[in-house]
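Asks: Pasted the sequence and its predicted model underneath.
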Amino acid sequence: MAKQDYIIATDACSDIIPFYADEEDVRVVPMEVTMTDGTKFDATYDMDLDWFYDRIRNGAFAQTSAITPQRYFDFFTPLLEAGHDILYNCFTSGMSSTYSNACMAAEIFRERYPERKFCVVDSLSATGGQGYHTYFAARNRDKGMPIEENAKWLEETRRHVQCTWTVDDLMHLNRGGRLSKTAAIFGTALQIKPVGDIDDEGCLVSIGKVRGRKQALHHLCNVLVNTLDDPEKNPVLICHCSCPNDAEALKQMVLETGKVSEVIIGRTGPVVGTHLGPSGLTMFYFCNKRIASL
């Protein structure tokens with residue numbers, strides 16, 4: 001089948017790798033970020049992440065805002081007026097009101113442009129998992145999958161994208177409201193490292209605790225071994241906030257399992273990275289079922 005002529009879109013939370021976004025012409029809606037040091041900026045898929053994490057290391061904290069309907073109007077209106085249909089894979093409704101705002105904008109778009117198709121999918125995912133899934137939707141379009149069928153594919157497979165994560169510094173989870181200060185202090189003293197996932201409702205959850213960073217990486221690897229689906233067909237994606245050596249170490253562990261033939265390394269941007277901190281490490285792949293829901 002011939003490649004379909006519609007646009008695949010996502011948002012900056014997806015952390016889609018710039019090379020793949022450009023290769024597949026995936027459009028990425030920016031997200032507004034305000035930092036406690038007074039800096040304001042738009043998070044984009046191709047921004048300078050070292051600049052951001054340097055500020056986080058220096059004590060700044062970032063607050064992100066849901067994408068407003070107005071921003072959706074500004075971003076998508078020129079594409080609709082140019083005659084494009086759009087399939088938008090959105091940041092999980094379990095962590096943000098971005099999806100509900102997208103649905104509001106979509107209703108208005110359908111009234112203003114009744115001849116156009118505007119499909120919104122709740123990814124029930126975030127960061128690299130959302131970007132990973134979006135990339136495969138773009139591949140589906142290239143293979144000739146119509147827009148409605150591709151939207152249905154995203155919905156049917158979204159709970160089969162594993163989204164495991166870990167951090168080395170618990171204080172960032174505390175500052176982001178994900179962990180109490182007492183738990184963060186005691187956990188740091190005991191070298192406790194949380195391992196988490198995104199559950200079937202698209203919410204960030206804990207799935208275990210281990211002692212030490214190396215054990216946390218092994219735990220991520222063990223989850224992969226127990227849940228990986230069709231490893232020969234699809235690669236594994238590892239995204240790090242600002243810890244490239246740990247990402248490479250995890251990549252080698254994954255390859256040494258003998259179950260995976262390709263591992264890609266990307267980055268986690270400000271929307272999720274402000275909560276995980278520079279030591280945040282995440283891993284994504286197609287799974288039989290998310291471990292958080294087992």
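Replies: All right, it came through fine.
Asks: Where do the helices of the stretch 101-250 of the chain begin and end?
Replies: Assigned by DSSP state H, counting those that start in this stretch, the stretch 101-250 of the chain shows helices spanning 127-142, 147-157, 171-175, 181-189, 213-227, 244-256.
Asks: Just name the most buried of those helices.
Replies: Ranked by mean neighbour count, these are led by helix 127-142 with a mean of 25 (mean count of other Cβ atoms under 10 Å). No exception for glycine: its C-beta is placed from N, CA and C like everyone else's.
Asks: Check which helices and strands that one sits against.
Replies: In terms of contact count using 3 or more Cβ pairs under 8 Å, 6 or more residues apart in numbering; DSSP states H and E, helix 127-142 is assigned the packing partners strand 7-11, helix 18-23, strand 86-90, helix 147-157, strand 161-166, strand 236-240, helix 270-276, strand 281-286.
Asks: Can you lay out the helices of the stretch 101-250 of the chain as CSV showing distance to residue 32?
Replies: As requested, the helices of the stretch 101-250 of the chain are arranged in CSV below (distance: least, Cβ to Cβ, whole Å):
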stretch, distance to residue 32
helix 127-142, 17
helix 147-157, 25
helix 171-175, 19
helix 181-189, 27
helix 213-227, 31
helix 244-256, 27
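Asks: Let's have the ones you listed in CSV, adding distance to residue 201 and mean pLDDT.
Replies: Conversion of these to CSV gives the following (distance: least, Cβ to Cβ, whole Å; pLDDT from 0 to 100):
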stretch, distance to residue 201, mean pLDDT
helix 127-142, 14, 97
helix 147-157, 14, 98
helix 171-175, 19, 54
helix 181-189, 23, 42
helix 213-227, 18, 93
helix 244-256, 26, 97
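Asks: who wins for proximity to residue 116 among those helices?
Replies: In terms of Cβ to Cβ, the element of the helices of the stretch 101-250 of the chain nearest to residue 116 is helix 147-157, at 10.4 Å.
Asks: Can you check which of the helices of the stretch 101-250 of the chain gets nearest to residue 57?
Replies: Closest among the helices of the stretch 101-250 of the chain, using Cβ to Cβ: helix 171-175, at 10.6 Å.
Asks: Could you work out the end-to-end span of stretch 78-86 for me?
Replies: Its start and end residues considered, stretch 78-86 measures 12 Å (Cα to Cα, to the nearest Å).
Asks: centre of the chain versus that stretch, how much separation?
Replies: Centroid displacement of stretch 78-86 relative to its chain, using Cα atoms, centre = their mean, to the nearest Å, is 25 Å.
Asks: Okay, buried residues for that stretch please.
Replies: Neighbour-count burial for stretch 78-86, counted by 16 or more other Cβ atoms under 10 Å, picks out 79-80, 84-86.
Asks: nearest to residue 155, of those residues?
Replies: Nearest to residue 155, judged by Cβ to Cβ, of the buried residues of stretch 78-86 is residue 86 at 16.1 Å.
Asks: List the residues that contact that closest one.
Replies: With contacts defined as Cβ atoms under 8 Å, 6 or more residues apart in numbering, the neighbours of residue 86 are 6-7, 9, 76, 79-80, 116-119.
Asks: So what pairs up with it in the strands?
Replies: Legend: beta-bridge partners of residue 86 under DSSP bridges are residue 7, residue 118.
Asks: what number of residues lie near residue 268?
Replies: In terms of burial, residue 268 registers 29 neighbours under the definition other Cβ atoms under 10 Å.
Asks: Residue 22 too?
Replies: Using other Cβ under 10 Å as the criterion, residue 22 is surrounded by 12 other residues.
Asks: any idea how far it is from residue 167?
Replies: In this structure, residue 22 and residue 167 are 30 Å apart, going by Cβ to Cβ, to the nearest Å.
Asks: gap between residue 208 and residue 124?
Replies: Distance, residue 208 to residue 124, by Cβ to Cβ: 21 Å.
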